[in-house]
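> next input, structure requested:
(one chain, ligands or ions: 3)
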Amino acid sequence: MTSQTIPVALGDRSYDVVIEDDLLSRAGTILASLSRGRRMVVVTDENLAGHLATLQGSLSTAGIDSEAIVLTPGEGSKSWATLESLTDRLLDLGVERGDHVVALGGGVIGDLVGFAAAILKRGCRFVQIPTTLLAQVDSSVGGKTAINSRAGKNLIGAFHQPSLVLIDPATLDTLPGRQVAAGYAEVVKYGLIDDPAFFAWCEANGAALLAGDPTARAHAIAHSVAAKARIVAADERETKDVRALLNLGHTFAHALEAETGFSDRLLHGEAVAAGMALAFGFSAARGHCPPEDAARVAAHLRSVGLPDGLAACGIDASGKTLVAHMAHDKKMDAGTLPFLLATGIGETYLDRSVALADVAAFLDR
Ligand SMILES: NC(=O)c1ccc[n+]([C@@H]2O[C@H](COP(=O)([O-])OP(=O)(O)OC[C@H]3O[C@@H](n4cnc5c(N)ncnc54)[C@H](O)[C@@H]3O)[C@@H](O)[C@H]2O)c1
Ligand SMILES: O=C(O)C(=O)C[C@@H](O)[C@H](O)[C@H](O)COP(=O)(O)O
Ligand SMILES: [Zn+2]
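Ligands and ions are numbered 1, 2, ... in the order given. Predicted coordinates for the structure are as follows:
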């Protein structure tokens, strides 16, 4: 059994990310130390019945009673309606501020439960047990929690750090291939941001990872978590132009997700893949990035079946329509939208001189 613990250093909000195959079956012992002998509430979705049973069995063995709240899967659950019913149920179950609610699932469950924990009784504790590749490499770490609103993606939320993140890579054995590929887009992101050697590792090992190779999977998860922990520790609340790098491709991605109605037609990770290819393409079109680098990014995404642009997402909306979605981007500052652009693979920066009309014209090409 190999186990790795990666600390997220945030002063009195610091916590550990523990990565270990089959961790779910011994999670009860670890969680018992947080539960103060009280019943724990696990929030999950309908696709996770098997993993929920393992976790509840493990809690029971550790002498902890548990209650499950099982939600409808999918991005639609990051909504006011689900947040309201979830907080009502947590209150009915008597959750106290010192209690830890457990989020067992993908990024949807993690973002929603994290936000519910941030506001319940002005803040209770929560633990992330991510079960998708995307959630294991990205969303479970860093404390961004949110729901979507009519105006767009993640617009209502809070920074609220978990107390602990337990990653069991073996839970990915049940994850559908399309979801694994979508999560892989956020893995590739770490290479593109500031780690060209890791992008090269992705080019060499991405196919094996997607095929379920446990060694490639373990390396990708640990490397991604360490990268995210480093960036979050440097700029927890995205105020220093550091954490914003994790948003590479996301201004485009969130517009694409809005255009497809936050539906299964385009998963978040797929939108991020297309968004990163567009960010590199736009950087090349502006003469900032060698076109060969933009082509290399698109080629790798295509090689693993991820979309590399609008056409591959089946989106034929005009540039003007897509740019209109971007007006609500959280990075908007005094009417200007900083864009994450690249000077090459592993070299990204925030550019505050981009005119949205130029983005629209690029998208129309
Ligand atoms: N907070 C952050 O920093 C952050 C980072 C990246 C993404 N996100 C958010 O995460 C969300 C996407 O998360 P996601 O890609 O995990 O999607 P998801 O949570 O919708 O999960 C994808 C699907 O896989 C199913 N599933 C989960 N684990 C499974 C397993 N082990 N076996 C079988 N099925 C399983 C789920 O039921 C769901 O149908 C988006 O809303 C995105 O905005 C947040
Ligand atoms: O943790 C971050 O910071 C990220 O930007 C990670 C992204 O992958 C994630 O999709 C995040 O939710 C997007 O951030 P947002 O602030 O644009 O909602
Ligand atoms: Zn993302």
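> pull out the buried residues from stretch 82-96.
Thr82, Leu83, Leu86, Thr87, Arg89, Leu90, Val95 (16 or more other CB atoms under 10 Å). C-betas here are computed from N, CA, C, even on glycine.
> for these, give me TSV that also has secondary structure, distance to Ile221 and pLDDT.
Formatted as TSV, these follow (DSSP: H, G, I helix; E, B strand; the rest coil; distance: CB to CB, whole Å; pLDDT from 0 to 100):
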residue	secondary structure	distance to Ile221	pLDDT
Thr82	helix	28	98
Leu83	helix	29	98
Leu86	helix	27	98
Thr87	helix	31	98
Arg89	helix	31	98
Leu90	helix	29	98
Val95	coil	30	98
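> quick check: the farthest pair among these?
Thr82 and Val95 (16.6 Å; CB to CB).
> tell me the spacing between Leu267 and Ser139.
Taking CB to CB, to the nearest Å as the measure, Leu267 falls 13 Å from Ser139.
> what's the answer for Gln161, then?
13 Å.
> helix or strand right after the one helix or strand Val323 maps to?
Assigned by DSSP states H and E, Val323 belongs to helix 319-326. For helix 319-326, the following helix or strand on the C-terminal side (DSSP H and E) is strand 339-344.
> quick one on the thing from earlier: please see if the helix holding Val323 touches ligand 2.
No: Helix 319-326 is not in contact with ligand 2 by CB under 6 Å from any ligand atom; minimum separation 11.2 Å.
> give me the average confidence score over that helix.
The average pLDDT for helix 319-326 rounds to 96.
> that one to strand 339-344, inter-axis angle?
110 degrees (axes from the mean of the first three to the mean of the last three CA atoms, to 10 degrees).
> what residues does the stretch 251-365 of the chain put near ligand 1?
His268, Gly269.
> what is the burial count for the closest residue to Ser139 other than its chain neighbours?
Spatial nearest neighbour of Ser139, chain neighbours left out: Gly107 (3.7 Å); criterion: CB to CB, 6 or more residues apart in numbering. Neighbours of Gly107 under the rule other CB atoms under 10 Å: 27.
> quick one, what contacts Gly107?
Gly107 makes contact with Pro130, Thr132, Leu134, Ala135, Asp138, Ser139, Ser140, His268, according to CB atoms under 8 Å, 6 or more residues apart in numbering.
> next structured bit after the longest strand seen in the chain?
Secondary structure of the chain per DSSP state E: the longest strand is strand 152-159. Of the helices and strands lying after strand 152-159 in sequence (DSSP H and E), the nearest is strand 164-167.
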